[in-house]
Structures are given as structure tokens and as C-alpha cells.
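Engineer: pasting a predicted model and its sequence here:
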Amino acid sequence: MTAHFQSGQLSLTDDDRDAMLETIGVASIDELFRDIPAAVRLDRPLDLEPALSEPELVRHLEELAARNVDTTRELSFLGAGIYDHYVPAVVDVVLSRGEFLTAYTPYQPEMSQGVLQAIFEYQTAICELTGMDVSNASGYDGTTVAADACFVAKHVTGRDKVVLTETLAPQVRQVVKTYAVGFGLEVVEVPHDGGTTDPARVAEAADGAAAVLFQQPNFFGCLEPAPELAAAANEAGALAIAHVDPISLGVLEAPGNYGCALAIGEGQSAGNHQSFGGPHYGFLAAKDEFVRRLPGRIIGETTDVDGARGFVLTLQTREQHIRREKATSNITTNQTLLALAGLAHLAWLGPQGLRETGETCMGLAAYARERLADRVLFPERATFKEFAVRVGRNATDVIRDARERGVHPGYALGRDYPGMDDALLVAVTEKRTPSEIDRLADVLAEVDPL
Amino acid sequence: MTAHFQSGQLSLTDDDRDAMLETIGVASIDELFRDIPAAVRLDRPLDLEPALSEPELVRHLEELAARNVDTTRELSFLGAGIYDHYVPAVVDVVLSRGEFLTAYTPYQPEMSQGVLQAIFEYQTAICELTGMDVSNASGYDGTTVAADACFVAKHVTGRDKVVLTETLAPQVRQVVKTYAVGFGLEVVEVPHDGGTTDPARVAEAADGAAAVLFQQPNFFGCLEPAPELAAAANEAGALAIAHVDPISLGVLEAPGNYGCALAIGEGQSAGNHQSFGGPHYGFLAAKDEFVRRLPGRIIGETTDVDGARGFVLTLQTREQHIRREKATSNITTNQTLLALAGLAHLAWLGPQGLRETGETCMGLAAYARERLADRVLFPERATFKEFAVRVGRNATDVIRDARERGVHPGYALGRDYPGMDDALLVAVTEKRTPSEIDRLADVLAEVDPL
Amino acid sequence: MRLLYEKSQPGRRASTLPRYEGLPRPELPDELRRSSPPRLPELSEPELVRHFTELTTRNFGIDTGFYPLGSCTMKYNPRVNERVVSLPGFRDLHPLQEEEAAQGALELMWRLQEILAEIAGLPAVSLQPAAGSQGELTGLMLMRAYFADRGEERDTIVTADTAHGTNPASVTMAGYRLAKVETDARGNLDLAHLRELVDERTAGLMLTNPSTLGLFDERIEEVARIFHDSGALLYYDGANLNAVCGISRPGDMGFDIVHYNLHKTFSQPHGGGGPGGGPVAVRERLEPFLPVPAVVRDGERFRLDYDRPKTIGKVRGFYGPFGVFVRSYAYIRAFGPALREMSETAVLNANYLLARLRDAYDLPYDRLCMHEFVLSARTLKREHGASALDVAKRLMDYGFHPPTIYFPLVVSEALMIEPTETEAKETLDAFADAMLAIAREAEDTPELLKEAPHGRPVGRLDEVKAAKRAVVRYGFEEHPDLAADATAPRALEAQKGA
Amino acid sequence: MRLLYEKSQPGRRASTLPRYEGLPRPELPDELRRSSPPRLPELSEPELVRHFTELTTRNFGIDTGFYPLGSCTMKYNPRVNERVVSLPGFRDLHPLQEEEAAQGALELMWRLQEILAEIAGLPAVSLQPAAGSQGELTGLMLMRAYFADRGEERDTIVTADTAHGTNPASVTMAGYRLAKVETDARGNLDLAHLRELVDERTAGLMLTNPSTLGLFDERIEEVARIFHDSGALLYYDGANLNAVCGISRPGDMGFDIVHYNLHKTFSQPHGGGGPGGGPVAVRERLEPFLPVPAVVRDGERFRLDYDRPKTIGKVRGFYGPFGVFVRSYAYIRAFGPALREMSETAVLNANYLLARLRDAYDLPYDRLCMHEFVLSARTLKREHGASALDVAKRLMDYGFHPPTIYFPLVVSEALMIEPTETEAKETLDAFADAMLAIAREAEDTPELLKEAPHGRPVGRLDEVKAAKRAVVRYGFEEHPDLAADATAPRALEAQKGA
Ligand SMILES: Cc1ncc(COP(=O)(O)O)c(C=O)c1O
Ligand SMILES: Cc1ncc(COP(=O)(O)O)c(C=O)c1O
């Protein structure tokens, strides 16, 4: 026998291996691979760096982590889709328990009542937030649920065009466009007017469209005339789809209450750490009439032999594993654990805490707007937690100089919007303090005197 | 009703409070305190800083933590009783599960089989490490178990003197001396000769003593002639008590095999983070004959109604809650969770891993001794993971200068041993690397040229 | 167990939040202001912690026990990975942080790309896709862009009749037509049928190899030739990569595009449904079409490269599920070149179980298996009325998670068993003993199977009722009482798992 | 469930460790070298994780449910405290780090000292003692040093007959004689008896107030006067401080020395037995004798002060259980002055439960209670043979952890119930309902109580056999078979809890 690799994760001893090979009736492990044609076998060891022991591994990862400047090490006003909200400690319970962490999709409901009930509770929370009737168990993130929603709209309306507002997050639009090719959808974009979208322009574009997608608050942080945008869509027979921030929905109206057919969004604000952009969860909720066209897992209530309540994966005839090429989507692995972290965060907040968080974000952002009043880009517009400011030169240079002073002032809008090279998008969550905002104002004044 | 304090930890609503007061039959919460004489009531609010919300609390603690330089931020050779050993990730399972974390002492065994079985497994591991027959469920730390052991010895032998070697960790000796007053024990210390203890001196001092306590490896890191020290104690009719490092016991002989009656020690090396000195666990194990004199919890095996195995607190007639003033000790709360972390670490290591860890510590320390050969203080002595070196000036100055270069070179022995102001105690765990040792050598050469 | 909403009490709360005096209080326009608050649950924090703790006790994970859910590669998820992914330098890093302040994260991604390329035997990797099924869709989009770029019109994708449901579903989402090739009696693709199907309209093949039957296609070279000869591409569904790491590489088998399931082969915990990660690797000629951004290395510096004019665009936000990358990277680094032993052990474990079970259940394809194998309960069903579903439910009483059932579709009453490499022989033996006992019970006391499970928090659940009633959220005062409409519960004899 | 050692297989292991080539390999002298390896268990990491996970499922904590174990203050342990205690700046800080590089830790300790002093109404605090019982011993050592310093010879400590066992045990360990004062019919100290006991040999009193009966001594001022008049000191066992934070301070009651149980009042999780923390606070004249080091503040700088010539020395290593300080500090900062509401709510919850239960069980002292109360099952026992032990075991079937039983000793068949402030009214009601149901069961079907518990991982366990056989470690090949000697299991009707 050759010496076996020492791994704490493999459980067989040499004796085990010998006994097992004997039971199988082969002489060596190699023989187990006899069906693999010689020509397609790898005849050398993988060219990978040598194995690291657990202490070495931790050390190596610590070194990599130390070469990142995270938001515990730098005062940051970065947002643009991912936000430094406070993630409460109860979330750790959901994330750390092996029974949740190491479970697969709850195909066998009797083994999985914990996750199933939790998702049912999550679906309820999302419906409550958005004013919708049904939510799926999560999509990949806030971009892919937008593509999903377009697919729903296409099938529901039989139309093959979707309208996106330009104030919808750039990467959401990019992903929709990528998917649209396969969906056979034309994508039309409606430019903004001074930071928000003109309902009249939407009305025009929506003609013959399957859906109109807009974001509230929009990518610039401004509040769209969302009810009017939805009305414009509805009048054209297109589905109104709002892309919303869950943490805003204690203070901002629920899309279900102003005419939207679907509400979608990036869940990260509720319960997820920033994690360099993922994994997070996308949420997707709809009015009842669309339930059988929705993509992804949906958990439903039922009863067992004794009439006791239980939960199961339901309406599976929408799904790939039952319907295959006729499915409403190809999704299977989704973002359950992140969504459950979201549930824990939302339950921790409760209706009261959610409203207070929204108010604090708004109040702090308003204070920041005051402090940066001379720079505010769309001073006419109401905002929630984020707003754009103008700087006197290329925003990326301003960011560099401000970071040298320990403050990341925000996102350079020019990366996505041509002609906005001198604009910064500033995000203010409830974790920021008035004195930190003062510091931002001071540093900006220093590196970019007006 | 006055407005109640907002706390996520209190579960009563205003309605609950009203209903409860009514059931009790009082008009106000104040009335519940009517038995407290007015003169001893506090007639003002506590003079404490205002409550912090959870996000503020985390921020505040993060700021405090950031003002400490921990061993992830500085290359450190500090030891002297607490060591930067690798704590494996499986330990997190034991520490994070609420069923263990938030349980009390397992008084009701049917509710507590998890903790009880785990402690039984811990007791077994300690017995195996030390070569003893019985272990308690843990003491407070490596100092108090020494006092406990003296109390056992006093009762077993009926004698009222204990002998401590000077190479026993200073704080262990200090704690024994503090307790000795109440125990009515005289404490005699035996000085070292060139880093270790002369058995002849011990033989002399042990006359009429209840116990001889020595440490292996000793505080200077040197290996004592432990079997001879034990023999000297035994010859005098005193109990031989070894204070040992659990992580050394894969390579060093078990005290039970060289004549010790008890083995005790600081458990931190096995499974506990440094945590600025606590909480950790002390272990205490003994030969069978002493079992009914041992202090603290002991878990025993038994059976239930159906003959199924179960575990319970046992031999409780030793303990304060049953025997009160006649108890072997006053201990009740101990260090169970830390001891279970120790069990997890030891089980992760297994016999093989424990030996390898010991060998690696020894090998790295030997390499460090080579690199610092000119400075080694007791070059004649064998050492395990720690050794003393001499520097050219006050060691605390050398530490200051080395730390400015990012290396903490070790502990200033002069803090405990008069006349050793120019000595440093250098600890090398398996987490250190040869190149880090080179760095230590370089920095020492720089700040303290020979 | 009651729902959070049923435990809710008005006025109770768990959260405490900072409040600042004297901030401006901007007024919202009426029509944008929340009209009535969402009915989120109102509980104190102790109640919340107990609720979630209790929920977990009603769930089974790998940490609970053996989980041989075929095709899902339910291996042990090393705890150390949870530790490293929680380092603030990873966890609290904003994705739009300046590149020079995210070098560690970029380096990790770059290294993972390199490693995955070596494992697949294909040079270019995109980490972006969020899961296997998105990897598939991405792969098909790449094909589409590639052929469009070449001016070729190809509209059909061939999949195997053993394919996972995501394969045909992805084909549809990518706007392709589906053609299905049959499996022959040995469990390989039927070459004759394949030759019939493939023509100049064929864009490519999607194949899992080893297949979902756990069998390596012995004529994979010929399969590749058929497609390449007609100018089509081959897509490798990497769900079964756990069988062949370091043993045989998809690129060497002839595949042009591969996806990995980081949550299967590389140990990202599946979290009760996700997250996962589905990177894709491709041959050089497909690289220009990969999603943006790529992580590239310039000397000692790592950066995000958006300069790919032919890119299909983005398939999800930012750079993919970064936390998943951290775990999978750590996982792979713990093995290094010994990933081969990981796969060898997985295959050994599967064959051992197969050897122990082959006489008690039907074995549709009598070959050595790879990392998993498929049995059938068709004889039990025919002779004793005990279906694969009943066997699965009865396994719960023995303390095991059932295998995947009713998949792949080509095997009736399928039981698809994947033990993975991390299980001990004792565990495999205990599972085999249970399976053998159940086969005997099917003969002697079949009602034990049909009424199973007996020892779980709920009995067998009525999936038909769930679908009919479609109660998919709590309805507060109007919540229906499902217990009222009493029928014998019907669980679906349909795919569960994979 | 099998033991780790019974799952062990030679050659298996969980750990991977760094190995360095070319290091020196020092030879150990033969007699110091390990002769035979310790038989630690040999398992893989997946097996280890499953083992510990399964063990936890056989354990009940506050996170599982209601835990009204009297005297133990089993309140909710905020999760955020586990988060902050894990910050590397705390967790990985060496205790001998230079002071200038440990300012955050020292400041935290200093702040905690200040806070505890304010809560007790006593000026000087030592954080060093590891638990309440060590706090007691420390307190007694302080008395001894104080009197020695004054040249007074006093050798007796008075404790109440309701005292916790640690009190008399500490008295012995401190080398004092014990005198016991009785409790009067209202549950206060019997003043007449007290006056008899106290003389010039009396060093002091140890008292819990509210007492272990949950009753505040209405004549505490007079009690203090008796001791102070004879030159003796008063020690406050702070185990019940949860009743009176911000309401009444031990220092104001006349106590000279106080210990806190950080793991009770201030929410350090008890971890199945520990860790805890038992700081002591004292009046000015006792400060010189406190353990070293103290944490002191010099302007903006914090340092350890060893310069206390009259110190009793050290009572444990370093500065005390620092991690416990972090949690307790965080806990207190989350309340601030509203600690008073914490105590008020604890007392409200206890009185509510008392009101609901007072008719079904005997109530030995008919007063409003403080944070806990003591009932007796003596009528149930006399009339139906159902003891406090049986009631306790039966509560398990209802999903509750039993209260403390058979303590305090002055109440026969005692049930000592402490709900704490974190419980919801619904939980209290459910518990009261269960207690009432059990009282009825004791009449109707007493065997339900006597054979309880029915739904736990094990049935009622034989404590007598355990003590007799004293199997206190696994014996490998020689491990005895305890099932062989079959007797009806006898659980001890003795103190369980507190
Ligand atoms: C064979 C096969 N292909 C594709 C997938 C889809 O992968 P994912 O769940 O990552 O989307 C799976 C698993 O779900 C699978 O087993
Ligand atoms: C009244 C009383 N005094 C003292 C103690 C001893 O405290 P500790 O367990 O912290 O040593 C306890 C609890 O155990 C107690 O309840």
C-alpha cells in the first residue's frame, strides 16, 4: 500500500480500505476507475500547491484578508447596491447551526421541517414588506431576480419587450440584457430627468412591453414617482415591477400598494454582510395571479397523517426537476441560508425597528445632505439613504485622496454613467454617526475645496 | 404608566405588565418591593453611562479591542503559562451551540446527558494524559488546582506543610500561599540550581510535608528530573504532585507513571484562546485512592430504568451542596465549557497529533535555541517549548525596542525572579515558523547586540 | 411548532437601535410614505433565539448524520472554512472598494481561477455564476455568442435522457431547442442515436460525466469526436466532478465548457438550499465571451478586467458569491494535489456500498460505479407494493437522510446513493444494514414502510394538498385551517433530491 | 450514544498540522520520554463534529427553553456578547502583553470595576475571583487579613440556615469556625438567635439578601447593627443581586464585602457548569487587602497596580476571567441605569408565577417574593407520595427544565423557582399550567410523576449506583458493564440546583 494522504476529513483507515476493496472484489483503488479510457486520464499529479495543514491554512487566509481594507478599518460611505447596515447577532444563530448550514434543499420534508418552516416565515415577511401575495424562497441576487421577473412577464403577457429605467442599478440592467438574448426579449431603456424618471417617457416606452422595471429608491438614491411609473406601465398592459430595498420598506410604500405586479430586490441590506458582493439573496414576490409562473422554490403549508401542520416544497410543477424544458426557470440551488439570515434580521427589527432604521438612515442622510449642501447633485429630489454629489474633478481622484485620510467618500458614478465623472454616490446607513458625517464633510472639503 | 426601557432582552409588553400586576394583586411594580426598608433603598438612578443599542455596543467594544495588540497583530514569543497554540475550528462547535453554552451545571441528568457525557469523556482524556485514575470536571485554572491539591494532601496525610519548587510558576506559588493561610499550611520553597530542582534539596524539605509540588516542564521551560523529585517526596511520605502542560504529554512521561499521587495543570494550551488570561480551566487528576477527597464535580456512569447507560454528577457527598462545611472544597461553578473545548482539541489531535504537536514545539524551540545559542541561560538543561535567554540590559527595555520592530521577544523573568532582570523567557509553539524564529533572532541581534 | 407570527405580541421587540437627537426629519411625499406597517413578527430576542434554535432541531444536516443524497455530494463541510470566511477582511469588504484596497480578495479569486482551470484542464475561468444551473445557462450563452461571432446558425442542444432537470431548463432559457439522446444498455450514451441527432444545426452537447447513473461514459472520446466533427461544442455539467478530480479532466475528455458546483465538489455548505457557486471554465477560443469582469494579474498586482469586447455581459452582480470562493479555496488548499485521494475515496465508498446492497435491490446497470450509484426498488414495488418513496421514508426511522429518489428518470423506482469520501466505513455499514433490513421489512411488514416515517417531528406529509391549496404565506386572521379538510396524505412519487 | 473512545479507530485522525523539514530533533532522556501514548480518541473531523453536535441535542439550555433553576438566574444570554468576546483584540491577547499594548483590555476592566462599585454601593473592586464561591473565600480571607492587621482574634463566621452550601464550605476553607443562625417564621433572620451568637470572637456574617427563600430581610439594618456594634463585618453573597440592581445596594444595607456572580446577574453563559466570575467589592478600610493586581487609571492611561503591601495575594492566575468581563461589561452597557428595570421585571415575573402557583403547592412563607420563591411539595408527598423530585422529573415531560429542588434546606420538599426577567408572560403561563397539571396528576395518576421523565434521551437515572460503582472514566477493554447489576434506579432526593 502506498502511504495515504493525511486528511482530517477522510475517515477511512488503511484497514478499512483493504476490507472494502475485498468486499468490492477488486485488488486496488485504481481498478475502480477501469471504465475511464486511458487517453482521458490524467497521468500526472494535479499541478497545485502542496496541501496546507489547518493552522497554515488559517494563517494564509488571514494574510489574504489582511490585505483588504474592510468597513471595520475605514470609514466608508460606499453603497451603490451593497450597504454597511448593522447585522444583528441573532443572525449568527441561523448561520452557525449545523442543522441549517449543512442541509441540502428540503426535498424530504419530514427531515427538513426546520428549514421549511423558516422559509415559509421568510416568504411571509417578504410578502408583508412588499405588499404581495406570494414570494419565492429566494433568487441568486438582486440582478438575477430582475431577469427572472422579465421571464415571468414575457410568459404572462406574451410580449417580447421590456422597459428598464436608466436609474435602475447598472448591473441589474446588464444582467437583464444578458438574459434577454436567450429569452428573446428586446430591452429598452428610459433615461432619467434630473435624477428620476418621467412617467410620460415610461408611458411612451411601455407600449407593447411585457414589463416596466424601475427601482425605488433609484440608483442615485432618489425617490421615483413610483405610483405614476406603475400606472404608466399598467396602462400599457405591461407588468409594473419595482426593484426595492427591503430596509426602506418600513418608511416607503409597499409596491403591492401602488399597482405593481411583482416586487423584487437585493436582500443584502437585510441580514447579510457585504462579503465583497456575495453570497446574498435576491427576493421575488408577486400578486397571486402569477403564482404558477414564478421561478424557484416555494414552500407551502400542508398536514401530515395526523392532521398536524407541516411544510413542503410546493407547486413543483413549475420547476426544472419536474417540468424540465417546460419549467419556469432552471434554478435549483438558491440562497436559502442568506434569506433566512434576512428573516432573522427582519424579525429582530420587527415593524417598529424597521421603521426606526429607515428613519435613522433618512435622518442621517438628510444631515449629510445638509453638510454637503453645496455639492448635492439633484437637490430637488427626495432621497432615502443615498444621494449623489458633485466634486470638482474626477471622482476617482477624490476617492483616492479621501481614502488617504481614512474616509471612503462613496462610489464614482462615472464608472457607469458617461458624463458623470465628477459625481459621487454617498450612502449613509444607520451605522454611521453624525460625527462621522462631519468627518466626511471635512475630508471632502480638504481634498476637493469648492 | 411610565414609559418602559426598550430592551430586546425583556419580553413583557405593557399589557402583560398590567395583567400580571392584577393577578398578583398589587397596583404597581414599586409595591413588589415593599419589604425593602426605605433607608436601604437607592433613591436615585444608578450613576451609569446611558444604555447602548446593539450596534453602538459592538462599535464600542470594537474600539476597545482595537487598542490591544493581540498575537494576530504582532509576532509574539510570550508564554510563561499562557500559550499561542493553534485552537482548531472544531472547538467552535462546542463553544457555539446554545445547548451547551447556555446550560447550567447538570444537576438534572436527564436534561443534561450531552454535557455529562462530554465531561466523562474529558475526565477520561485527562486520566489518559496524566496516567491517573480519576479527574474532576475542572478547576478554575492552573493556580487554584494547586491550592486544591494542597488541601487534598493536607487531609490525606494529616500534615501541615507543603513544599513548592521555586521553578513552579510564580503565580501558582502565590495562590497556594494565599490559600495556605486558611488551610493552616506552612509553605516552604526550594530554590533551583541552574534552572532545575535538585532532588536532594527536595528530599530535605519534604520531611514532614503533606506534599511536594513541582512543575514539568518548569517555569523556565527546563525539564525537571521529575521521577527523582517524585521519589524524594514519596520517600518522605509526602504526596508528589506534578503541575504539567497538557500539550507536552504526547512526548513527556505521564506523572502517573513516575510516582505522582496527583497531576494538575493549566488547561489553556489545550483548546483555549489566550483571552488575556481567562477564562481557562485547571485540571486535577489523581490516583484512585484519593477519589473521595477530591474537590469539584465528578461525573460517573450509571444506568436508567431500562438499563440504558447514562451519566450523573457523582460522589456528591464530597461537595458543598451536600456536605456544606465538611465538603472537600467550596467549588461549584467551575470551567466546564473551557474543559470541553479542551476535550474537542485533544480529540481533534488524537494520540498521533498530540505527539506531533509536541515534537514540532520541541523542534522549533530547539531551532530557536540554536539561533540564540549565545544567549541561552541554562544551556545544560533539556527544554520543551520554552527557554530562558540572557540579554545585555534590562529585559523590559529589550522588549520595548523589539516590539517597536514588530516582535514581542518573550517574558521578562525579572518581574518574578530577583536578579534575573536581564533574562527573557521565550516560548515557541507549533504556530511559529522557522522564518519567524529567524526574525526573532535578527531583531534581538539588532536591539541587543552581544 | 408555532410560527414566528403566531408568537408575535404587539409592542414586543428584539432590536435596540441608535437614535440621534436633532437630525433633520425629511418629509416624504404622501404617496411614497408607507401606508400601513408590514406585519413583521414582534418578539423579544430570547424568544427569537429559541425559535430559531428549535427550528434547527427539526432539521437534518450533514452535521446530524449520513446524507447520501445522490448528485448532491453531501460531504463534510470543514468548520475551519466557516472561521476564515468570517474574517472581517472578507466579511465586511465592500465589493466596490478600490482595487488597491482589495488585493487579498482579488488574489484569492485569481488563485481560485487558476486552480479550477488546472482541475478542469481548461485555461480560462469565470467565477461569476451563482450556482450550477446558472453555470449551465452561462455556458449556453457562451455557445450562442461564440456561434454568433462566427456567423453560424445553430439552434439545438443535445442532452442525455439521464440529464438533470436543470439541463433542459437551461436550454429553454437560453433560447435553444432541445434534443434528447438515449442511454444504452451499459449506461453509456447511445452512439447510434447520437449520430442521428447531431447535424449542422447542433450547437452542442450538455453532459454529466460520470453520468447521473454514476457511470463514466466509456466512449467519451467518440462522443466528443461526433460533436467536434460537426463543429459543435461540448458542455460538461460538473455536478459529478467529485468522482474524477485529479483522475480525469473534462478538458482532456474533450469538453469545451465546464461548470463546477462549488457547493458539491468543493464543500461550500448548502445551507438548506443555497448558497452555491457555479464557476465556468472554457477553452481558449471561448474565453473572449466570458462574463465581465475577470480577475487578472499584472505582476504583483491583481485587478478586475472589464475589457472583453465580446463578453456575453454580466450574469449576476459584482464578481460572484465571494464567500463561497473563500470556503472553496480553503477547502482545495487543504488537499492540494491530494484532491485525487478525495475522489478515489469517494469512489471507493460508493463501490463498497454498492457491493453491500446489490443483491437486495435491483441494479439496472451492472458495472463498477464512480462516486455514486443508482439502484431500483422496482422488485419491492411489484412484489410488496413498497416504493422507492416508502424505502426513503423508512430510512428516516433508522436515522439516515434518504438518498435521491425517482431520478434519473430512466430508472424506475430509482434510489440514487452518493456516500461521499468523508464517511467512515462504520457509517456505510450501518446504512447498508438499514437498507437490507428495510428490504426484509418490505417483505414481512410492508406497512412499516408505507406508514413511515414514525420518529420525525411530523408524519408523512400531504404534498398533493399543499399544491392544491397553495398556502404559501401566513394569512394572519384569515389563515386557513388545513387540518379541517382531511384526506389521506399523498406524498408524490416524484424526484426528491439532486 | 457511544463514547468518543468507543468510536475510535486506530490510525484515524482529525488533525492536520504543520511539519517542518530539517529542524533539530532534540533527544529526551529516557525516563522523561512518554512511555506509552495516551489513548486519546481517534476519529476523523466529520465524526467529531457529529459527535459533539449529537451531544448538544441531548442537552437543555436557556436557548432550548424555560430554565427556572432557582438561585442560578438563568436569564437569556445575549448573542451579541459572544460576538464581541470573539474579537481578536480580546480573544488573542496574551495576559503578559505590555500594558501600553493592552490599554483597551485594561480600560474595559477598569470601567467594569467602576460600574460594579456603583451597583454595590462600595468603592473598591477586585475582579480576580473566578466564581461566586471563590469570591466568598476571598471575602473571608479579606476579613482575616483585616482583623490580623488590627491585631484582633476573631474565629467565627455566622451563616444563615438558608445559606448556600458554598458559604459554610468557604468558612471551613478560610480556616474559620461556623455558627448558624436560624430563620424566623417570616423568613427573616431570627434576631434573638443572632444576638446570642454574635460576640467578640465573631469575624462576620455571610448573608444572601434577598435570601435563598427569595425574601428580603426586613430588618437588615438591625442585622448590620448587631455585627458592626461588635466590631464584625458583613459579607454579602451576591447570588441574588438580580433582584435589587438599582433598587437597593448591599453597601447601603450595611454590607462591607460583596461578591457578584457575573454568570448570574450579568449574563455570562454558564456553559454547562462554568465559566463564571466572582468579583468582590469592599468598603474603603478593606481595600488595602484586596488581591493584586488592581486596575488603576492614571489620567488617560490604565495600568496594573501590584503595589498593595497588605494584599492577601493572588487568588487565581492573572487578572481574573477576562472573557467573562467582556460579556458582563457588554451586558451592563446594554442596560445602563435601566438595570433597575431588569431587576423590577425579574421580581414581577417571579411574583406573577407565585400568584399563579400558590394555591396548588405549599407556600412556607406567605409574602411577596423578590426575584424567586420557594414552594414545597410536602402536601403532595404526604398525600400522594409524589415528591419534589417527582414533580421535577415530570416537568421535563412538559418541556421545561425543573426548578432547583431540596434547597434551601429549611423547606422540606422545596421547589425553588426563579423565572428571571427575560421570559415572556406566555412562557410563565405555560409553566404555571404545567405545574398545576402536575399537581392534579399527583392526585390522579401519581405513577406519571414517579416514572418520569418519559420523553428524554434517558429515563430516570440511578444516582445511588453511580456513587457506589464510581465509574468515573472510560476503562477501555476493562470497562465494566453497569447494566448487568440491575436494581430499580434510585435518584437522590437531595439538592439539585443552586
Ligand atoms: C447533475 C446536476 N446538474 C446540475 C445541477 C444544478 O446545480 P445547482 O444546484 O448548483 O444549480 C445539479 C444539482 O442540483 C445536478 O445534480
Ligand atoms: C446563593 C448562592 N451562593 C453562592 C453560590 C456560588 O456561586 P458560584 O457558583 O459562582 O461559585 C451560588 C450558586 O452557585 C448561590 O446560588
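Structural biologist: Everything's here; your move. Ligands and ions are numbered 1, 2, ... in the order given.
Engineer: what residues does stretch C:29-41 touch?
Structural biologist: Applying CB atoms under 8 Å, 6 or more residues apart in numbering or on different chains, the contact partners of stretch C:29-41 are A:121, A:125, A:128-129, A:223, A:226-227, A:249-254, A:257-258, A:346-347, A:349-351, A:354-355, A:382, C:4-5, C:7-8, C:476. In short, each C-beta sits where N, CA and C put it, glycine included.
Engineer: try stretch C:433-444
Structural biologist: Residues from elsewhere that reach stretch C:433-444 (CB under 8 Å, 6+ apart): C:356-357, C:360-361, C:380, C:383-384, C:386, C:390-391, C:394-395, C:398, C:400, C:448-449.
Engineer: can you say which of these are buried?
Structural biologist: C:356-357, C:360-361, C:380, C:384, C:386, C:390-391, C:394-395, C:398, C:400, C:448-449 (16 or more other CB atoms under 10 Å in any protein chain shown).
Engineer: now, those residues that are in strands?
Structural biologist: Judged by DSSP state E, strands contain none of those.
Engineer: just give me the closest of the residues you listed to chain D.
Structural biologist: Of all the buried ones among the contacts of stretch C:433-444, C:F400 has the smallest distance to chain D: 12.5 Å, by CB to the nearest CB.
Engineer: coming back round to it: can you say which of the contacts of stretch C:29-41 are buried?
Structural biologist: Buried by 16+ other CB under 10 Å: A:121, A:125, A:128-129, A:223, A:226-227, A:249-254, A:257-258, A:346-347, A:349-351, A:354-355, A:382, C:4-5, C:7-8, out of the contacts of stretch C:29-41.
Engineer: return the subset of the residues you listed lying in helices.
Structural biologist: Among these, DSSP state H puts A:121, A:125, A:128-129, A:226-227, A:346-347, A:349-351, A:354-355, C:4-5, C:7 in helices.
Engineer: let me know how buried residue 234 is, in neighbour terms.
Structural biologist: Going with chain A. Neighbour count of A:N234, defined by other CB atoms under 10 Å in any protein chain shown: 16.
Engineer: you answered for a different chain; I wanted chain C.
Structural biologist: 26.
Engineer: what about the strands in chain C?
Structural biologist: Secondary structure of chain C by DSSP E: the strands cover C:124-126, C:156-160, C:177-181, C:202-208, C:233-238, C:257-260, C:280-282, C:294-298, C:301-305, C:373-376, C:404-405, C:414-417.
Engineer: scratch that, chain A is what I was asking about
Structural biologist: A:75-76, A:134-135, A:161-165, A:186-190, A:211-216, A:239-244, A:262-266, A:282-286, A:299-303, A:309-313, A:386-390, A:407-408, A:411-412, A:423-427.
Engineer: including distance to ligand 1, could the ones you listed go into TSV?
Structural biologist: Shown next, in TSV, are the strands of chain A (distance: least, CB to the nearest ligand atom, whole Å):
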stretch	distance to ligand 1
strand A:75-76	32
strand A:134-135	20
strand A:161-165	24
strand A:186-190	25
strand A:211-216	24
strand A:239-244	23
strand A:262-266	20
strand A:282-286	15
strand A:299-303	17
strand A:309-313	14
strand A:386-390	33
strand A:407-408	34
strand A:411-412	31
strand A:423-427	32
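Engineer: which stretch among those strands approaches C:P129 most closely?
Structural biologist: Closest to C:P129 of the strands of chain A, according to CB to CB: strand A:282-286, at 14.1 Å.
Engineer: which residues are in contact with that closest one?
Structural biologist: Contacts of strand A:282-286 (CB under 8 Å, 6+ apart): A:126-127, A:130, A:132-136, A:138-145, A:148-149, A:152, A:246, A:256, A:261-267, A:294-296, A:335, A:339, A:342.
Engineer: thought A:V426 was touching A:G410?
Structural biologist: Yes: counting by CB atoms under 8 Å, A:V426 sits close enough to A:G410 to count as a contact (4.1 Å).
Engineer: any common contacting residues for the two?
Structural biologist: By CB under 8 Å, 6+ apart, the residues touching both A:V426 and A:G410 are A:F77, A:G79, A:V389.
Engineer: closest to A:V312 out of the residues you listed?
Structural biologist: Taking CB to CB as the measure, A:V312 lies nearest A:G79 of those, at 38.4 Å.
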